[in-house]
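Asker: I'd like to go over a predicted model; first the sequence, then the structure.
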Amino acid sequence: MNILRLAFIFITYLSVMSPAIAAKPVLTIYTYDSFTSDWGPGPAVETEFEKICECDLQFVGLDSSIGILGRIQLEGKNTKADIALGLDTNLVHIAKETGYFAELPSTIKDIHVKNSSLPIEYADKIFMPFDWGWFGFVFNKNILKNPPKSFQDLLNMPNDIKIVIQDPRTSTPGLGLLLWIKSVYGDKAIDYWRELQPKILTVTKGWSEAYALFLDGEADMVLSYTTSPAYHLIAEENDHYDATVFAEGNYLQIEVAGMLKSSSEPELAAQFLEFMASPEFQNIIPTTNWMYPAYNAEVPEGFEALAKPSKTLLFDSENVATNQKNWIDEWLTASTK
């Protein structure tokens, strides 16, 4: 009888407490799939933020920054996302034009201005940076003894040297290369693309496929980031890899996050954006996302050996938004003729 009474009390307790447990707020973040992977920043970020937020942090992994914005444009005001994390400076103007993103609280703007470790001055009312890096071509130093030091060098390399790049319509690095070449060659970019065609082994949809081809020995160089060799050096203890630094400069990528106006948890979303500038978040970035942290944080040993360009290239995001379609059409024309 006592056992039955205890069981009844326990079941009653659970029925009373369950709504409270279920009421834990959920913060939904759209990001790219490598961020949410087991080896990406997502798991550690989730653990650290849930220690302070009393919430359930849920990531939704999409194929790229372009995919994140496309999903939000498709869902509109009905999106389940509270935050979009992983857009970059090339897409922020297009993102703003949707009208779906909320302005950052003033306290968060102040954090960025005071603590930024970006290589250029950057401030935005809607999007907050969380990491950055330069695009570059990664190669194996033991195989490619004389890597190119400029875009012209790349053209002048022997015909059997092949590169793998990504599609600018579907890939963030692919779009980065498009803008990199455009920023160097301007109206003559289409001519450069035509001359580069014999060097291109293939154009992949995304970064992962391209990098896998390179590691399998299918190509001599792959479009990636100047920080990519840090993975091989730190995680694999392999110092055979390096990245190109071009005389014309290297194109910059700054990754950002912003909160949605339609968020059902605006206070939690603001708390997460503020958390992004903390050491708990920033110290995760270098050895999981393999990029530079956007705020004052510890950079692990090995990063100091990475190639760094003497010149940084970056288009204004409004310029990109205005011309992106035409520049992609230009690339397509050069690639098919």
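Answerer: Received the coordinates, thanks. Numbers count the residues shown, from 1 in each chain.
Asker: can you point me to the longest strand in this protein?
Answerer: Ranked by residue count under DSSP state E, the longest strand found in the chain is strand 128-140.
Asker: What segments of the protein are helices?
Answerer: Ranges of helices in the chain, per DSSP state H, are 2-22, 33-36, 42-53, 65-75, 92-97, 106-115, 151-156, 172-185, 189-196, 207-215, 228-230, 266-276, 279-282, 317-336.
Asker: Any chance of a markdown table for those, columns mean neighbour count and distance to residue 136?
Answerer: For the C-beta atoms, the positions are set from N, CA and C on the backbone; glycine is no exception. Converted to a markdown table, the helices of the chain look like this (neighbours: other C-beta atoms under 10 Å; distance: least, C-beta to C-beta, whole Å):
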| stretch | mean neighbour count | distance to residue 136 |
| --- | --- | --- |
| helix 2-22 | 9 | 48 |
| helix 33-36 | 20 | 18 |
| helix 42-53 | 17 | 25 |
| helix 65-75 | 19 | 18 |
| helix 92-97 | 18 | 22 |
| helix 106-115 | 14 | 26 |
| helix 151-156 | 15 | 12 |
| helix 172-185 | 23 | 9 |
| helix 189-196 | 16 | 16 |
| helix 207-215 | 19 | 13 |
| helix 228-230 | 25 | 8 |
| helix 266-276 | 19 | 25 |
| helix 279-282 | 19 | 22 |
| helix 317-336 | 15 | 19 |
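Asker: Work out the gap between stretch 199-207 and the centre of the chain.
Answerer: A distance of 19 Å separates the centroid of the chain from that of stretch 199-207, by C-alpha atoms, centre = their mean, to the nearest Å.
Asker: circling back: the longest strand of the chain pairs with which strands, and in what direction?
Answerer: strand 221-225 (antiparallel), strand 241-243 (antiparallel), strand 250-259 (antiparallel), strand 292-293 (antiparallel) (DSSP bridges).
Asker: tell me the contacts of the closest residue to residue 207 other than its chain neighbours?
Answerer: Closest residue to residue 207 apart from its sequence neighbours, by C-beta to C-beta, 6 or more residues apart in numbering: residue 173 at 5.4 Å. Counting by C-beta atoms under 8 Å, 6 or more residues apart in numbering, residue 173 makes contact with 135, 165-166, 207, 210, 223-225.
Asker: go with 7 Å
Answerer: Each residue near residue 173 by C-beta atoms under 7 Å, 6 or more residues apart in numbering is listed here: 135, 166, 207, 223-224.
Asker: now for the helices of the chain, which one comes closest to residue 140?
Answerer: In terms of C-beta to C-beta, the element of the helices of the chain nearest to residue 140 is helix 207-215, at 8.6 Å.
Asker: contact partners of that closest one?
Answerer: Contact with helix 207-215 is made by 138, 164-166, 171, 173, 204, 219, 222-224, as judged by C-beta under 7 Å, 6+ apart.
Asker: That helix relative to strand 221-225, how many degrees between them?
Answerer: Helix 207-215 and strand 221-225 are oriented at 140 degrees to each other (axes from the mean of the first three to the mean of the last three C-alpha atoms, to 10 degrees).
Asker: going forward can the numbers begin at 7, since that is how I track them
Answerer: In the new count, where the first residue is 7, that last one comes out as helix 213-221.
Asker: Using PDB, write out every CA atom in helix 213-221.
Answerer: C-alpha atoms of helix 213-221 as PDB (Å, rounded to 0.1, in the frame of the first residue of the first chain):
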ATOM      1  CA  TRP A 213      33.900  24.000 -50.100                       C
ATOM      2  CA  SER A 214      33.900  20.500 -48.600                       C
ATOM      3  CA  GLU A 215      33.900  18.700 -52.000                       C
ATOM      4  CA  ALA A 216      36.600  21.000 -53.300                       C
ATOM      5  CA  TYR A 217      38.900  20.400 -50.300                       C
ATOM      6  CA  ALA A 218      38.400  16.700 -50.500                       C
ATOM      7  CA  LEU A 219      39.500  16.600 -54.100                       C
ATOM      8  CA  PHE A 220      42.600  18.500 -53.200                       C
ATOM      9  CA  LEU A 221      43.500  16.200 -50.300                       C
END
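Asker: Show me how far that helix is from its chain's centre.
Answerer: The chain centre lies 16 Å from the centre of helix 213-221; the measure is C-alpha atoms, centre = their mean.
Asker: now the longest strand of the chain, how far from the chain's geometric center?
Answerer: Distance, stretch centre to chain centre, for strand 134-146: 9 Å (C-alpha atoms, centre = their mean).
Asker: what angle do it and helix 178-191 make?
Answerer: Using the same axes, to 10 degrees: strand 134-146 against helix 178-191 is 80 degrees.
Asker: pLDDT on strand 134-146, on average?
Answerer: Average pLDDT, strand 134-146: 97.
Asker: Quick check: buried residues in that strand?
Answerer: By 16 or more other C-beta atoms under 10 Å, the buried positions in strand 134-146 come out as 134-146.
Asker: what does stretch 246-264 give?
Answerer: So, applying 16+ other C-beta under 10 Å, buried residues of stretch 246-264: 247-252, 254-264.
Asker: Domain-wise, how is this protein divided?
Answerer: 8-138+259-299, 139-258+315-342 (automatic domain parsing).
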